[in-house]
Every structure is written in C-alpha cells, then in structure tokens.
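Asks: Sequence and predicted structure below; questions after.
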There are 2 protein chains.
Amino acid sequence: MEPSHIGLGPGREFDLVRAMLARWHELARAIGDDAAVLDIPSGERLVVSTDASVEGVHFRREWLTLREFGYRATAAALSDLAAMAAAPRGMLIALTIPEASLAEVEELADGIGDAARITGTPIVGGDVTRGRQLAVTVTVLGSTASPTRRDAVAPGDIIYVTGVLGGPSAALRALEQGETLEPLVRERFARPRPRLQEAQWLAQHGVRALIDISDGLASELQHLAVASSVELRIDADRIPVMRGCSWSDAAHGGEEYELVVASAQSLDVDAFARAFALPLSEIGRARRTEIPAVIAHRAGSAERVDLGVGHDHFSS
Amino acid sequence: MEPSHIGLGPGREFDLVRAMLARWHELARAIGDDAAVLDIPSGERLVVSTDASVEGVHFRREWLTLREFGYRATAAALSDLAAMAAAPRGMLIALTIPEASLAEVEELADGIGDAARITGTPIVGGDVTRGRQLAVTVTVLGSTASPTRRDAVAPGDIIYVTGVLGGPSAALRALEQGETLEPLVRERFARPRPRLQEAQWLAQHGVRALIDISDGLASELQHLAVASSVELRIDADRIPVMRGCSWSDAAHGGEEYELVVASAQSLDVDAFARAFALPLSEIGRARRTEIPAVIAHRAGSAERVDLGVGHDHFSS
C-alpha cells in the first residue's frame, strides 16, 4: 500500500503515519478507513488481547534501541495469542510519542515491522498521538477453533516448558550493573520470539492448557494452579536454565515469552525440538487438590524448594 | 463476574484491575485468560479500530471530570464502529496511569462503563500500566455483513449529516475563555453519543458510504471526496447549527461524532428523526469530477464559501 493512496488528510500526525506505512510496505493492510475489516475463518473463534509498553517502565533507551523496543512491545502482545494457540490475523498499533524526529519514528516502526514479518501478522490499523512519554499499545487479533486456556489443567497432566529460561532476567541484572551482555543473552532479551507456531503444534497434539511466561515461570505456574484448581508438583532440577544464568533467573525472570504447557498425554519432545529447534522440557505434574498450590522439590528429595512467590498456598 | 474469580495474581496493578472489574460488573466478560475469546456471527466481517486519549492532549482536568474523560475516550473509539455501520461486539481498555488514588481509577472506570452500558458493548480485556500521563487506549471490535466505507460515495449521491453541529467546538472555546457552559452545549461536549444504531439504520436503508465527524465536518467531507474521487457540492446554509453556536463551529468543530452520509436514494428523514429523536439533514450532492474537491455555496448564490480547509482542491 502506498501512503498516498490511503486518503489521510494533511498534518504532522498523518505525516508520521505515512512514514510508518512506507516502512511497513505490504505488512500494512486495510488501513485508510475509520476501522479495519478482517475476516475470521468460518468455524474459528476470535482471540484478542491488548498490551501497552511505556518508556521508563518497560524500556530504557540506554538498554534497547528504538527498533528493539518496537519489536519487543509487539512480540510481547503477540505472545498472548500464542498462549491461546491462536493464529495471528492482524494487529493495531497505538503510538504515543513525544516530540520525536522522523528517523526515530521510522526506527520504532522498523522494529514493529520486524515482529509483524517474523510472525506473518498484518498491521491493520492504529493511532498516533502526542504525549510526554513514548508508549506503544499493541492490540493483537487471532483465531482458532479451540483456544487453549489457563483453567484447563487436569489432575495427572504433565507440565512442560519450552526453551531455556533465565536470559532476560540475567540480561536485566547485567544492564542494571552497567555490564556488557553475552550475545546470546542479549538476543534473548532484545528479540524474544513469540511461540505462535509452537503453540499451534502443541494444540494440534492435544494440549488444552497453555500460558506464556510474561511474569516469570513461578508466577505463571501459580496462575495455572489457581485458574485450574490443581496442585502443581515441579521438579526444580528439571527447569531448563540458560548457560550463564542462575536457577533463580530461570524460575522468576519475566518477559521470557516461552510457554508453560499442561498435557494429558506424554508429548514427543524430540519431534518438537526437531520442528522448532527448541527444547520442550518436562518439569512436573498436576495433582488433585483442595487448595491450589505450586510445590517444587529437588529430584529424589522430600525437601521443598521455595519458588519465591511468598507462599506455596494461596487463595483467590 | 466477581474479581475474585478471575485468577489474577497479587500486586498493585491487579488491585486496580479488580477495582475496575468491580465497577463494571456484568459489563466485563471473558476476562482472566491471556486473551479474550469472542464469536463473530457467521457471515459477518470483523471491524476493528483503536483510539488513544491522552491527558493534556485530548483532555484537561479543569474541563472534564475523570468519569467524563473515561466516557469520551470510549465513545470516541466506538464512533469508528458507527462509521462502518458495525454492531459493537467488545472492547479492550489499555490504561496508563500516574500514581492515582483508587477513587480516581474508579471514577475513570465508571465513565468507561457508562459508554459500554449505553452502547451495549462488553469489555473483554485490557491492560493497566504505570506512566507519567493518564492515557486511555480503547480498541473496539464490531461486526457487520457489509461495512460502510469512505470510498463508496458515487456521483449523484445525496449528502446528509446527523444531529446539529457546533456544540463541542463552542464548548471548547468557552472553556478556554473560562466561561461556564450552557447545559446543552456541555452535554454535547462531555457526553457525545456514538451513532451506532443510527449507522445500522442507515446501512439497512441502502447507505454504503459513511464517515464520523472526529476532525470537523469540512475535514470529513474532504476525506470522503478524496477517498471516493468525487466533488462534493455543499449548501452551506443547510448545515445544521446548534443554537448558540456559530456556523464556523458547525463546519469545523471536531469531536462531534455525528455521521456524514452519502446515499444514492433519498432517505426518509422523518422516519430517522422519529426513530432516534435526531435530525438527519440533506446538505449537498456528490458529482463526477477529475479532481476530488469540496465546494460550498450559499443557497441560490454562485459565490463560493470557503470551508476553511486551506484549499478547495487538493491532491492525495
């Protein structure tokens, strides 16, 4: 789509929109009317989520380029579609920008475009407004016949996690101490991959319960346990830890965007690893319970490992 | 939905979400998983739009209560569904809030709830984040079998506008001068009604081209003319002006959220007025042209009226 064809009027805001559309080329579709029109495949349900990333809260310019910020804000939102095993159908980008150069807006747009391209998600609409703080609010639209849910873990389910954890947390700690990042750790921090295709594979292999790791593994396990009213018994030693990261980084670090999976059947972890060049690790089991809980043990030991969420048992 | 049932974890952000859900009661649905799941009626297309409202840019606390701000931000977004003649199916609310009291957040939530209730739109998801400036980004989801478009005006079409114009612009001018508003003018400014049902009525009566007035009538006419490659001949004296407002308020004032309509057939304006207690006024005609344009005349005069958009003719 050429920016000159979309019928926008004059003015600074529209100039910025035009500049972004020029960067996005064919990634931007259906833009130019009051709203975008999309078709959801017959028999599928619409899955939607919105996610705001704000400078100074989710992002510091000393740590990430604008392109990386744009990418991460978009990838974080798309990860919520992965948690529902939905195929991405489109996204809307609402930008709040302080007085910024055109080059800065283009850099941000390039990062958003990177995430759109990698995941095959068209950009179908948006809004640009002035503000004192840079913020990107991404609304993602996906579809699937059977969304996976966080309240669908059943007693007996095997718990898995994708990838290796700890990178983003270790990166954040190093950045706060002014250290330079290992390339692999930096990549995990700056360019997390929403696990969209992985989630669809898992759903096709019978998985009904999924959650993505935005707040940390321990916290997401809590969400699953509470939503599904089960106890999750985790083998602390089987949590996959990235080289150079601590166990605590892996158990508590947020913004991983890996998936926590509950499956009634044993999954073919080798087939998964071959398909996505990504490990799928069994880390525990769900059990029937009166009180939802997450309990971690060291292998072969009765000793509990504090997952550091303040308490093992909680009510909600 | 009870906030205690939604499986959110602890923390200040979740406390605010819980407080808002408590204010919204049954208006909030499908909240609690990573994303919301919605069903679009079979045979209908999904219509989506996102709209950000920022304190200090779209809103000043001296002028509007937080409840009015919440209402207006939501109504403005819903108006984009009206422009497509779509029925609202759901919305997502992304809030950026500075350190705010719970009472302030509740007031804002009540305004968002007012707009949801009046229009019958469920709140299906959202995000709350800290920020230096209060901002509400509303993403609206609607559906319709045949979306109306801004590029569907045909030569010969009759141009109509809903409502009476000028109120929001007159209100803004009075507020800037520290004056007290007439009750009716204040109501138009603080509580604009998205014309959702009106738009659906118009679409059912054969209208294929619609736009909502967010940037001012003159500007929206431009958008229609450019998108549809037509000349719009407007009878300046037939633009409906609210009592106490100037013609210029009506022609240029933004945030009206009334509709500009192009119809191949003459519409039954009396039936429309009876159905919605709202005037529908014929204001001009579309003509074939080489160069898209908006040209306004006084009735019976060949003299052009400058619509104040800088130029009559423009390319895009």
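Replies: On my side now, so go ahead. Residues are numbered from 1 along each chain as shown, chains lettered A, B, ... in the order given.
Asks: where are the low-confidence patches of the stretch 151-300 of chain A?
Replies: A:300 (pLDDT under 70).
Asks: Three-state assignment for the closest residue to A:Glu44 other than its chain neighbours, please.
Replies: What sits nearest to A:Glu44 in space, not counting adjacent residues and going by C-beta to C-beta, 6 or more residues apart in numbering or on different chains, is A:Ser143, at 4.1 Å. C-beta: built from backbone N, CA, C; applies to glycine. Look at A:Ser143: counting by DSSP: H, G, I helix; E, B strand; the rest coil, its state is strand.
Asks: What's the local residue count around A:Ser143?
Replies: Counted with other C-beta atoms under 10 Å in any protein chain shown, the neighbours of A:Ser143 add up to 26.
Asks: ok, it - contacts?
Replies: A:Ile40, A:Pro41, A:Glu44, A:Arg45, A:Leu46, A:Val47, A:Ala86, A:Ala87, A:Arg89 (C-beta atoms under 8 Å, 6 or more residues apart in numbering or on different chains).
Asks: What does A:Ile93 show for phi and psi?
Replies: phi -120, psi 110 (degrees, to the nearest 10).
Asks: How about A:Thr137?
Replies: phi -110, psi 120.
Asks: Report the beta-bridge partners for it.
Replies: In this entry, A:Thr137 is beta-bridged to A:Ala52, A:Ala94, by DSSP bridges.
Asks: Get me the contact residues on the stretch 151-300 of chain A for chain B.
Replies: Contact residues, the stretch 151-300 of chain A versus chain B (C-beta under 8 Å from any C-beta of the partner chain): A:Asp151, A:Ile211, A:Asp212, A:Asp215, A:Ser219, A:Gln222, A:His223, A:Val226, A:Ala227.
Asks: Give me the distance between A:Ala275 and A:Arg238.
Replies: The gap separating A:Ala275 from A:Arg238 is 21 Å, by C-beta to C-beta, to the nearest Å.
Asks: Scan the contacts of A:Ser143 and report the most crowded one.
Replies: Neighbour-wise, these (other C-beta under 10 Å) top out at A:Ala86, 32 neighbours.
Asks: Grab the nearest non-local neighbour of that one.
Replies: A:Gly142 (3.2 Å).
Asks: so that neighbour bridges to which residues?
Replies: With DSSP bridges as the rule, A:Gly142 is bridged to A:Val47, A:Pro88.
Asks: Show the pLDDT at it.
Replies: We have a pLDDT of 97 for A:Gly142.
Asks: quick one: it and A:Val47 touch, right?
Replies: Yes: at 4.4 Å, A:Gly142 counts as touching A:Val47 under the criterion of C-beta atoms under 8 Å.
Asks: between these two, what contacts are shared?
Replies: Shared contacts of A:Gly142 and A:Val47, defined by C-beta under 8 Å, 6+ apart, are found at A:Leu81, A:Met84, A:Ala86, B:Ala35.
Asks: quick one, what contacts the last one?
Replies: B:Ala35 makes contact with A:Val47, A:Val48, A:Ser49, A:Asp80, A:Leu81, A:Ala83, A:Met84, A:Ala86, A:Val140, A:Gly142, A:Pro147, B:Gly125 under the criterion C-beta under 8 Å, 6+ apart.
Asks: if you set the cut-off to 10 Å instead, what comes out?
Replies: B:Ala35 makes contact with A:46-51, A:77, A:79-84, A:86, A:140-142, A:147, B:92, B:124-125, according to C-beta atoms under 10 Å, 6 or more residues apart in numbering or on different chains.
Asks: What separation do you get for it and A:Pro194?
Replies: 12 Å.
Asks: list residues touching both of those two?
Replies: With C-beta under 10 Å, 6+ apart, B:Ala35 and A:Pro194 have common neighbours A:Ala77, A:Ser79, A:Asp80, A:Leu81, A:Ala82, A:Ala83, A:Val140.
Asks: Spit out the contact partners of the first one.
Replies: For A:Ala77, the contacting residues are A:49-53, A:88, A:91-93, A:115, A:121, A:136-140, A:194, B:35, B:127, by C-beta under 10 Å, 6+ apart.
Asks: just the strands in the stretch 201-316 of chain A please.
Replies: Along the stretch 201-316 of chain A, counting by DSSP state E, counting those that start in this stretch, strands occupy A:209-212, A:231-235, A:259-263, A:280-287, A:293-297, A:304-305.
Asks: who's in contact with the second one?
Replies: Counting by C-beta under 10 Å, 6+ apart, strand A:231-235 makes contact with A:153, A:155, A:157, A:159, A:161, A:217-218, A:221-222, A:224-225, A:251, A:260, A:262, A:281-301, A:305, A:307, A:312-313, all of which sit outside it.
Asks: How is chain A partitioned into domains?
Replies: Here the domain parsing of chain A from automatic domain parsing is A:3-144, A:158-305.
Asks: any idea which of the ones you listed is most buried?
Replies: Among the domains of chain A, ranked by average contacts under mean count of other C-beta atoms under 10 Å in any protein chain shown, first place goes to domain A:3-144 (a mean of 21).
Asks: picking up where we left off before, among the contacts of B:Ala35, which lie within strands?
Replies: Under the assignment DSSP state E, these contribute A:Leu46, A:Val47, A:Val48, A:Ser49, A:Thr50, A:Asp51, A:Val140, A:Leu141, A:Gly142, B:Leu92, B:Val124, B:Gly125 to strands.
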